[in-house]
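*Asks:* Sequence and predicted structure are below.
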Amino acid sequence: MLRTVMVRRHCIVALFLVLAAATAVAQRPSALGPGPVADFVVFMQGAPIGNEKVTVTASAEGWTVRGTGRLGNPINLSTSRFEMRYDREWHPISLEIDATLRGQPLLMRTTFAGGAATTDTTQGGQQNRKVDMVSADPIVLPNMFFCAYEALAIRLRGVVAPAELRAYVAPQVEIAMRVTGSGTERIRTADRSITATRYDLTMANPGGPVPVEVWVDEESRLLRFRVPAQGLEVAREDVAAVSSRVEKMARAGDEEVRVPANGFNLAATLSKPPSVAAAPASGKTPVRKRPAVILVPGSGPVDRDDTVAGISIFAQVANTLADAGFIVVRYDKRGIGQSGGRDESATMKDYAEDVRAVVEYLRKRKDIDQQRIAVVGHSEGGLVGMLTAADAKKRIAALVLLATPGTTGAQLVLEQQRRLLDRMELPEAEKRDRMELQQKIQKAVVSGQGWESIPAGYRRQADTPWFRSFLTFDPAPVMAKVQQPVMVIQGDRDRQVAARHAQLLADAARARKANPAADMLVVEGINHLLVPAPTGEVDEYAVLQDKNVSPKVLDALASWLRDKLHVDAARAGR
């Protein structure tokens, strides 16, 4: 998915207003004594901003959640004591917080009795008392204290969607929450494999519904809490480590490989046609060389499955292409999942070098036909694939662009910003101000000048090598150097990269002198993630019920690649 620097003055306030969840049927303590300490890492927009340590104690009297932690900018919160107590039936008893928020001491004490929550707060030398009416057994989730979500993880055990539950965002408001779905995820860490349950939730906040995800392990302990639309993720340390990844698909005969790159290794999965995967290894039988496809993921911290909002795009694409007779490679981006390297200084050219490393790795394998290696890129991955194809003309046989931009990065970001603002109920003058600020930010990123007139927080977010390379990237002159046949596939409900971009790419490909061969397919009813969607808007991703990549996309992709790489459909899986 393409990252965008959005200018939103109230994003932090809005973020913490939505951090709430709820619970289900009461669950008695199943064990006595404290559980193990869980260490969590808190991320904002993919960057770590702090940590929390949490323990959960189950006793004859009930449940106690305790935590400490420190969160940096933009929250600036240090917690020396967090303690939330519930009785055996999960009725809240008390909440105590000792912390420092933005340099000011914060003391908060909440007691629950008779359907009321009474909170005494001391902050910056000022005392305040607030009384809210609450239901009998809400999960208590004060803003910015993520250790509280351990109680939510326990309470979600056994919940079946659809269900409507309650949560109290102390000391603000009680809200409703809908459990809209759930699924099983497998996470492979350096030490073991974890079977997790992912719950899809929608918070009924005053400002509008907000989709979130809660991941729970086999012991009902919290693994991960995500607010995709806000770029917030809280992940337990073992699953947040670069050595861990979510396994979205596993085929018989899958080969886990390490691809040598520039000073580090890329971790990848190599999937094979059914007959190859099932065939026993033998030194007597000649190895049949097969065509290969490299899948290049989009922008941001995405893994080898190109997973966005629980939709594993490349896991599904790899499965289809392997069945169609190809050996398919998908890899974790540098610095992500189990791959080495660092991504904070990487540019689009660096990512193209990683693709080139995968090409060279495949060319050295005895089971790969060097003349039949194709590259398939999704979103920004299409641009990276285009760069690679332009520089490796004789090493790459075909190029497929899925939901890929056809304008400069700078134009695309402004296009996305305008769409976002058009959907917001703001005065026109404020919309103009935000657009002007976005333009100033982009100009400063490219030129390195003009930051003095822009708030410092925006520079920390935007002034990166990747964003600079993306803003200045123009696909038209790069496409002119691409000599391979090109296929462009796009969804007509893509709101991140509008359908018109497909035509721009196809026109650029057909204008080439060396090889004007280009095909284009715009599929009705699918979004940027290539799945069916009512509107295609980004805030809809997390609540989509159908998470399957459109069969029209998969069939067209497999058919086109079989044609260009000369694969006999009748013998594809043999």
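*Replies:* Great, that's in hand.
*Asks:* ranges for the strands of the stretch 401-550 of the chain?
*Replies:* Using DSSP state E, counting those that start in this stretch, the strands of the stretch 401-550 of the chain run over 486-491, 518-523.
*Asks:* Columns mean neighbour count and distance to Phe467 on top of the ones you listed, output as TSV?
*Replies:* Every residue, glycine included, has its C-beta placed from N, CA and C. Converted to TSV, these look like this (neighbours: other CB atoms under 10 Å; distance: least, CB to CB, whole Å):
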stretch	mean neighbour count	distance to Phe467
strand 486-491	27	24
strand 518-523	18	29
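*Asks:* Switch those strands over to a markdown table; also include mean pLDDT and distance to Met203.
*Replies:* Putting the strands of the stretch 401-550 of the chain into a markdown table (pLDDT from 0 to 100; distance: least, CB to CB, whole Å) gives the following:
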| stretch | mean pLDDT | distance to Met203 |
| --- | --- | --- |
| strand 486-491 | 98 | 28 |
| strand 518-523 | 96 | 32 |
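*Asks:* Now tabulate the ones you listed in TSV and tack on distance to Gly310.
*Replies:* Formatted as TSV, the strands of the stretch 401-550 of the chain follow (distance: least, CB to CB, whole Å):
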stretch	distance to Gly310
strand 486-491	18
strand 518-523	21
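*Asks:* Just tell me which of the ones you listed ends up closest to Gln127.
*Replies:* Among those, strand 486-491 comes nearest to Gln127, with 54.9 Å by CB to CB.
*Asks:* tilt between that closest one and strand 518-523?
*Replies:* Angle, strand 486-491 to strand 518-523, by axes from the mean of the first three to the mean of the last three CA atoms, to 10 degrees: 10 degrees.
*Asks:* Give me the distance between strand 486-491 and the centre of its chain.
*Replies:* Remark: strand 486-491 is offset 23 Å from the chain centroid, using CA atoms, centre = their mean, to the nearest Å.
*Asks:* Parallel or antiparallel, list what pairs with that strand.
*Replies:* strand 398-402 (parallel), strand 518-523 (parallel) (DSSP bridges).
*Asks:* and the shortest one, how far from the chain's centre?
*Replies:* Mean-position distance between strand 398-402 and its chain equals 22 Å (CA atoms, centre = their mean).
*Asks:* What average pLDDT does that strand get?
*Replies:* For strand 398-402, mean pLDDT rounds to 97.
*Asks:* can you check stretch 406-416 too?
*Replies:* Stretch 406-416 carries an average pLDDT of 95.
*Asks:* how far is that stretch from where the chain is centred?
*Replies:* Mean-position distance between stretch 406-416 and its chain equals 21 Å (CA atoms, centre = their mean).
*Asks:* circling back to that earlier point, in CSV: the strands paired with strand 486-491, plus distance to Phe43.
*Replies:* Output for the strands paired with strand 486-491, formatted as CSV (distance: least, CB to CB, whole Å):
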stretch, distance to Phe43
strand 398-402, 26
strand 518-523, 33
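*Asks:* Tell me which of the ones you listed approaches Ile336 most closely.
*Replies:* When these are compared by CB to CB, strand 398-402 sits nearest Ile336, at 19.3 Å.
*Asks:* How many neighbouring residues does the closest residue to Ala514 other than its chain neighbours have?
*Replies:* Spatial nearest neighbour of Ala514, chain neighbours left out: Gln483 (4.4 Å); criterion: CB to CB, 6 or more residues apart in numbering. By the criterion of other CB atoms under 10 Å, Gln483 has 17 neighbours.
*Asks:* and Gln483, what does it touch?
*Replies:* For Gln483, the contacting residues are Ala389, Lys393, Arg512, Ala514, Asn515, by CB atoms under 8 Å, 6 or more residues apart in numbering.
*Asks:* redo that, cut-off 7 Å
*Replies:* When contacts are counted by CB atoms under 7 Å, 6 or more residues apart in numbering, Gln483 is found next to Lys393, Ala514, Asn515.
*Asks:* Give me the distance between the spatially closest residue to the last one that is not a sequence neighbour and Ser345.
*Replies:* Using CB to CB, 6+ apart and skipping the chain neighbours, the partner closest in space to Asn515 is Gln483 (5.0 Å). The span separating Gln483 from Ser345 equals 31 Å under the rule CB to CB, to the nearest Å.
*Asks:* Can you give me the buried ones in stretch 39-56?
*Replies:* For stretch 39-56, the neighbour count (16 or more other CB atoms under 10 Å) marks 40-44, 49-56 as buried.
*Asks:* can you list contacts of that stretch?
*Replies:* With contact meaning CB under 7 Å, 6+ apart, stretch 39-56 is reached by 34-35, 37-38, 63, 65-73, 75, 146-147, 150, 231-237, 240, 300-301, 461.
*Asks:* let's see 8 Å
*Replies:* The set of residues external to stretch 39-56 that reach it, using CB under 8 Å, 6+ apart, is 34-38, 63-75, 77, 79, 146-147, 150-151, 154, 221-222, 231-237, 240, 300-301, 461.
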